[in-house]
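A.B. asks: predicted model and sequence below, questions to follow.
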Amino acid sequence: MRMAFDPSRDRDTWQRAEEATRQGDVLVDRFGRSKRKLRLSLTDRCNFRCGYCMPEDPEWTPRHELLSFEELLGIAQLFVSRMGVTNIRLTGGEPLVRRGVPAFIERLNELRPLGLERISMTSNASLLDRHAAALVKAGLDDVNISIDSIDPERFRQMTGGGELEPVLRGIRATRDAGLSMKLNAVAIRGENEDDVVPLTQWAMGEGISLRFIEFMPLDARGGWQPNKVFTEDEIITALKQHFIVEQLPRTREPATYYRMDGDYRLGIISTISNPFCGSCDRVRVTSTGEIYPCLFSPVCTDLKTPLRSGASREELEQTIRGAVWRKGRGFVESRGYVERAISMHGLGG
């Protein structure tokens, strides 16, 4: 469901958001959580078909409905210069299927004097062997790479026919380019829980940070069930059969970190079994200009229409602040599927 924030109609919401954020221009929600990180989706298109992310036969958004790079840059500038965002992560779909990403990152770097500290990307790595060097030159700080199995056949099954070798080439190219990276793996019972140990062993051998993510009810095929969640406790139980595992103190990051065999650091994002919603500092804007303050938001706020209708910066800021102010508590509130038309590939990771 799409919503338009109208300050004249919803003035009380806007005034409360304005009062709460007047100190230091921080962007906050009604529960006092400040937003320092913006997830900015560049496209809903992807060259993989992961079941937890998109339908088998996705219908791509027509290109004219996507925000242009100039529009995306304007939104990013507004978040950084007027609302205190310090970190921007480019997502998709697969961001690199859209042409011109390195040039866009160069433009984002112009926002650093305004307060931007870090530019990141989430990718499936299949195209990174072509782009890693250019991304570093453009000013990208780091990349998160999705890889749910190190077994070629299982990888092919989970990605709907994707090949593992281009991903491994992309990882090598990323390392050779000197670009910082982390690996993310979604753990799903009945699909790849047996990959937890071999994937950890491989990542340790490569010296690359790895995080496991519990299967969340965001898939486009309706396949999520509570019994398919391979939980943080179960992941740790499996790892303890092969490693010495020591839990590290919690931070504001979404992942809980563990020290493996005395030196390797592994993270687990346990959205289902141990939600971290109370410290969430993120907000999402889709490639079509919709604000989703939370992964589990049942509604969005339309930013593209006022943007293309000539709204002023102040009016756009009101729209953003009002949308974020209405942000719910998160998964701790919903605990199940969110009924909405958009799926993960359109929402952005």
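C.D. replies: Alright, I've got the coordinates. Quantities reported herein were computed from a predicted structural model and do not represent experimental measurements. Numbers count the residues shown, from 1 in each chain.

A.B. asks: going forward, measure contacts and count neighbours with C-alpha atoms only.
C.D. replies: Noted.

A.B. asks: run a quick neighbour tally on residue 268.
C.D. replies: Using other CA atoms under 10 Å, residue 268 has 24 neighbouring residues.

A.B. asks: that one against residue 255, yeah?
C.D. replies: Yes. Between residue 268 and residue 255 a contact is recorded at 5.0 Å, counting by CA atoms under 8 Å.

A.B. asks: mutual contacts of the two, please.
C.D. replies: Here residue 268 and residue 255 have residue 211 as joint contacts, going by CA atoms under 8 Å, 6 or more residues apart in numbering.

A.B. asks: secondary structure element for residue 119?
C.D. replies: Applying DSSP states H and E as the criterion places residue 119 in strand 118-123.

A.B. asks: any idea of the mean pLDDT for whichever helix or strand comes after that strand?
C.D. replies: Going down the chain from strand 118-123, the next helix or strand is helix 128-138, by DSSP H and E. Regarding helix 128-138, the rounded mean pLDDT is 98.

A.B. asks: if you count neighbours, what's buried in helix 128-138?
C.D. replies: For helix 128-138, burial by neighbour count (16 or more other CA atoms under 10 Å) applies to 128, 129, 131, 132, 133, 135, 136, 138.

A.B. asks: surely residue 58 forms part of a strand?
C.D. replies: No. Secondary structure assignment (DSSP: H, G, I helix; E, B strand; the rest coil) places residue 58 in coil, not in a strand.

A.B. asks: gap between it and residue 39?
C.D. replies: Counting by CA to CA, to the nearest Å, the gap between residue 58 and residue 39 amounts to 22 Å.

A.B. asks: in terms of neighbours, single out the busier of these two.
C.D. replies: Neighbour count, other CA under 10 Å: between residue 58 and residue 39, residue 39 has more, with 26 against 14.

A.B. asks: my guess is the more buried one is in a strand, correct?
C.D. replies: Yes. Counting by three-state DSSP, residue 39 is part of a strand.

A.B. asks: contacts only, for it.
C.D. replies: 88, 89, 90, 91, 282, 283, 284, 285, 348, 349.

A.B. asks: the first one: how many residues sit nearby?
C.D. replies: This points to residue 88. Using other CA under 10 Å: residue 88 sits among 24 other residues.

A.B. asks: picking up where we left off before, could you give the mean pLDDT of the strand holding residue 119?
C.D. replies: Throughout strand 118-123, pLDDT has a mean value of 98.

A.B. asks: what do you get for stretch 235-246?
C.D. replies: When pLDDT is averaged over stretch 235-246, the result is 98.

A.B. asks: what about that stretch, distance to the chain center?
C.D. replies: Distance of stretch 235-246 from the chain centroid (CA atoms, centre = their mean, to the nearest Å) equals 27 Å.

A.B. asks: thanks a lot, see you next time.
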